[in-house]
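turn this into a structure:
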Amino acid sequence: MRSSQAHRAFGLGLVTGVVAFAGTLYWISGVMTTYGGLSWLTAMAVNALLVAYLAVFVGLFASIVVHSTLTAGAFGLVATSAAWVVSELGRGYLFGGFPWAFLGYSQVEFLPVAQLASVFGVYGISFLILLVNAALARIVIRPDRARLVTSGVVMSVVIMTAGWGHLRLTRNTLVQVGEPVRVAMIQGNVPQDDKRDPRLQASILGSYLSASRNAAADGAKLLVWPESAIPRLFEGDLVSAAAIRDLAEDVDSHILFGSEEIDRTGGLRYYNAAFHVGPGGASSTPYRKIRLVPFGEYLPLRRWLFFADKLVKNVVDFSPGTEAVTFLVDGHRVSTAICYEVVYPALIRSFVAGGSELLTTITNDAWFGRTSAPYQHFAQASMRAIEQGRYLVRAANTGISGVVDPYGRVLVRTELFEHATVVADVRWIRARTVYGWTGDLFAYACGVLVLGVLVAGVRTRR
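Here you go, the predicted model:
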């Protein structure tokens, strides 16, 4: 009986996941056809496989809830919420992970509740959402006195959480300490098809140089350019490299930008990298992107998906970086996450653990066009600022560029597909949040709880 219920729950969960992820990730098909060289039919098939894979985690969540009798009693609400957190943790790590669109991101603009991320990360917010909805579902199914009381307790927890978050926002302590620094984000708005055109590369670089000079004249000491701002290899293009070094020296500012890198040590390896050039014109060790985009920057599970080589002919096979490098800017440490990396909470935490006092993220969202993807991307990046208690500076080729303060407030942002230069004042922050210290401990604790309940359920049936 229990087994048949679990199978039915898995099926319902799978359908729910398919609907949710198909609606959220619809834009992937367009990216693969426009820039990956795939036919619409092939792109839709690949997208469907990704959606189905992610939906499996929702199905497993539903199956676990039924199979382990997690719905019983007030404890069941906690265990059910923990099971959802485990499902998000799983899809964030298995096979390289795809931690896009966790449930907790839905509250990134409701700042009082979003402050919970500074303690438990985005997983804590997902937990709270499940707790509330599970309590409401129980009342709808059978509104007895015990369930009404339990739901009242849950709502009290939500109110207290929001109250604490409001108090944290009101106190505003993180933005009152630390040395200020003026930063600039240069949004070049270069069409994707133009980036590789050799006839346009000089003018593209020229537009960044000109905008940067204007920003430096406005007092910016850190100039942030997007991912792939330099279409050629920075270290292999002597003319472009010299122009950037001269600019940094002329305006007495630091420049952080994205470019590709080739390492010929022990073979030939390509990296998607971030470079830093200081006021003296010298560059430091680049940061090599650690979390690569599957089917965009590498082919995952190549041993089993050998047939996919022909389907993704336009994919550049990058190697992943291994070290969370930070850059020294006037005695302070700054980190940068490249594009999709910003959706990995643990990676951003590793930057802060390495001394980062300011988070930057550089991206080229031109791939996404005018879909919901750039907005999803920006929202998820904003959550990292709350988790780590850091200002987050985001430079995107076609938008959305902007600055988010340590409480998740968007101080300034651009629109999509406009040429823009944004200058803003931020602060170097050294204090660490609870989540900054503990990381995903809460999520792993949820895993231990669910495992314990499952084991207890098996023993009970015996």
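
check contacts around the nearest residue to F368 once chain neighbours are set aside.
Leaving out its chain neighbours, the residue that sits closest to F368 by Cβ to Cβ, 6 or more residues apart in numbering is P374, at 5.2 Å. Using the backbone N, CA and C atoms, a C-beta is placed for each residue, glycine as well. Going by Cβ atoms under 8 Å, 6 or more residues apart in numbering, P374 touches D365, F368, A396, T398, G399, I400, L416.

rerun that using 10 Å as the cut-off
W27, T363, D365, A366, W367, F368, A396, T398, G399, I400, L416, F417 (Cβ atoms under 10 Å, 6 or more residues apart in numbering).

could you check how far it is from W367?
Computed as Cβ to Cβ, to the nearest Å, the P374 to W367 distance reads 10 Å.

from the contacts of P374, which is closest to Q5?
Closest approach to Q5 among the contacts of P374 (Cβ to Cβ): W27, at 35.9 Å.

that older thread, now do the shared contacts for P374 and W367.
Shared contacts of P374 and W367 (Cβ under 10 Å, 6+ apart): W27, T398.

the contacts of P374 in strands, which ones?
Members of the contacts of P374 lying in strands (criterion: DSSP state E): T363, A396.

got the contacts of P374 as JSON lines, with pLDDT, neighbour count and distance to P143 columns?
Shown next, in JSON lines, are the contacts of P374 (pLDDT from 0 to 100; neighbours: other Cβ atoms under 10 Å; distance: Cβ to Cβ, whole Å):
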{"residue": "W27", "pLDDT": "95", "neighbour count": "18", "distance to P143": "40"}
{"residue": "T363", "pLDDT": "97", "neighbour count": "29", "distance to P143": "47"}
{"residue": "D365", "pLDDT": "94", "neighbour count": "24", "distance to P143": "46"}
{"residue": "A366", "pLDDT": "91", "neighbour count": "26", "distance to P143": "51"}
{"residue": "W367", "pLDDT": "87", "neighbour count": "23", "distance to P143": "48"}
{"residue": "F368", "pLDDT": "92", "neighbour count": "22", "distance to P143": "44"}
{"residue": "A396", "pLDDT": "98", "neighbour count": "30", "distance to P143": "48"}
{"residue": "T398", "pLDDT": "96", "neighbour count": "27", "distance to P143": "50"}
{"residue": "G399", "pLDDT": "93", "neighbour count": "25", "distance to P143": "47"}
{"residue": "I400", "pLDDT": "98", "neighbour count": "20", "distance to P143": "44"}
{"residue": "L416", "pLDDT": "97", "neighbour count": "19", "distance to P143": "46"}
{"residue": "F417", "pLDDT": "97", "neighbour count": "16", "distance to P143": "50"}
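
looking at the contacts of P374, which are in helices?
Using DSSP state H, W27 are the members of the contacts of P374 that sit in helices.

pLDDT below threshold where in the stretch 201-350 of the chain?
300-316 (pLDDT under 70).

where do the helices sit along it?
201-217, 238-251, 345-353 (DSSP state H, counting those that start in this stretch).

pick the most buried one from these.
The highest average neighbour count among the helices of the stretch 201-350 of the chain, using mean count of other Cβ atoms under 10 Å, belongs to helix 345-353 at a mean of 21.

for that one, name the packing helices and strands.
helix 73-93, strand 332-338, strand 358-363, helix 373-388, helix 434-438 (3 or more Cβ pairs under 10 Å, 6 or more residues apart in numbering; DSSP states H and E).

next, the angle from the second one to helix 373-388.
Here strand 332-338 runs at 150 degrees with respect to helix 373-388, directions being taken by axes from the mean of the first three to the mean of the last three Cα atoms, to 10 degrees.

pull strand 332-338 out as CSV, backbone CA atoms only.
Extracted in CSV, the C-alpha atoms of strand 332-338 (Å, rounded to 0.1, in the frame of the first residue of the first chain):
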residue,chain,number,x,y,z
HIS,A,332,41.3,45.2,-0.1
ARG,A,333,40.3,41.9,-1.6
VAL,A,334,37.6,41.7,-4.4
SER,A,335,36.3,38.5,-6.0
THR,A,336,34.4,38.0,-9.2
ALA,A,337,32.1,35.2,-10.3
ILE,A,338,31.7,34.7,-14.0
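
gap between that strand and the chain center?
Relative to its parent chain, strand 332-338 has a centroid offset of 15 Å by Cα atoms, centre = their mean, to the nearest Å.

residues near the residue nearest to L292 when sequence neighbours are not counted, how many?
Closest residue to L292 apart from its sequence neighbours, by Cβ to Cβ, 6+ apart: Y298 at 4.8 Å. As a burial measure, Y298 scores 19 neighbours (other Cβ atoms under 10 Å).

now do the buried residues in stretch 168-185.
By neighbour count with 16 or more other Cβ atoms under 10 Å, stretch 168-185 contains the buried residues R168, L174, V175, G178, V181, R182, V183, A184, M185.

tell me which of those residues fall in strands.
Going by DSSP E, the strands hold V181, R182, V183, A184, M185 from the buried residues of stretch 168-185.

wait, what's in contact with the third one?
Okay, so that is V183. Here V183 is in contact with 215, 219-224, 253-254, 256, 329, 334, 358, 360, 391, 393, 395, 403, 422-426 (Cβ under 10 Å, 6+ apart).

rerun that using 6 Å as the cut-off
A220, L222, V393, V426 (Cβ atoms under 6 Å, 6 or more residues apart in numbering).

how near is H166 to Y407?
In this structure, H166 lies at 11 Å from Y407, with Cβ to Cβ as the measure.

try L94
For L94, the distance to Y407 - Cβ to Cβ - is 32 Å.

where does R370 land in three-state SS?
coil (DSSP: H, G, I helix; E, B strand; the rest coil).

ugh, wrong one, L12
Looking at L12 with three-state DSSP, the answer is helix.

which SSE is the residue nearest to it when sequence neighbours are not counted in?
Excluding the flanking residues, the one nearest L12 by Cβ to Cβ, 6+ apart is A62, at 6.0 Å. Using DSSP states H and E, A62 sits within helix 40-67.

also V453?
helix 441-461.

and the contacts of that helix?
S68, T69, A79, A82, A83, V85, V86, L89, F120, Y123, G124.

and with 10 Å instead?
Residues from elsewhere that reach helix 441-461, judged by Cβ under 10 Å, 6+ apart: 2, 61, 64-65, 67-70, 75-76, 78-90, 92, 119-124, 126-127, 345-346, 434-435, 438, 440.
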